[in-house]
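# predicted model, plus sequence, below.
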Amino acid sequence: MAYSNIFYVLAAVLFILGIKKLSHPKTARNGNFIAASGMLIAILATLLSYGAIDLQMIFIGMIIGSIIGATFALKVEMTQMPQMVAIFNGFGGSAFSACRRC
């Protein structure tokens, strides 16, 4: 459990650095990558700190979601980005609602 706290602190530092780099257009892409790396570390630390969950199903879901997200991100033009964000938020809300009823 002590290792997970170290990874959480590292993830928080990466989030802060990523947000700081988002303040300038020249460093925004790098900042987005740094913040995404922090999120990956936080997710992995959480998943690995609990041994009683099925990691295989979680990783399969993450891979499927990543493929779908990357496909939409590459196909959608910048002018359609607000609509894409809105539909992804709607899917997230629907998934939460469906899981909450289980």
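Cool, got the structure.
# contacts, neighbours, all on C-alpha from now
Noted.
# now do Ala95 against Gly38, distance only.
According to CA to CA, to the nearest Å, Ala95 stands 24 Å off from Gly38.
# so which of the two has more stuff around it?
Using other CA atoms under 10 Å as the criterion, Ala95 and Gly38 rank with Gly38 on top: 24 against 11.
# I figured that one hits Ile16, correct?
No: using CA atoms under 8 Å, Gly38 makes no contact with Ile16, being 9.2 Å away.
# for Phe96, give me its contacts.
With contact set as CA atoms under 8 Å, 6 or more residues apart in numbering, Phe96 has no partners.
# average pLDDT for the strand or helix carrying it?
Assignment of secondary structure by DSSP states H and E places Phe96 within helix 81-101. Mean per-residue pLDDT for helix 81-101: 86.
# go on, stretch 13-20?
For stretch 13-20, mean pLDDT is 96.
# next one: stretch 60-76
Here stretch 60-76 scores 88 as its mean pLDDT.
# who's in contact with that stretch?
Stretch 60-76 has contacts (CA under 8 Å, 6+ apart) with Met84.
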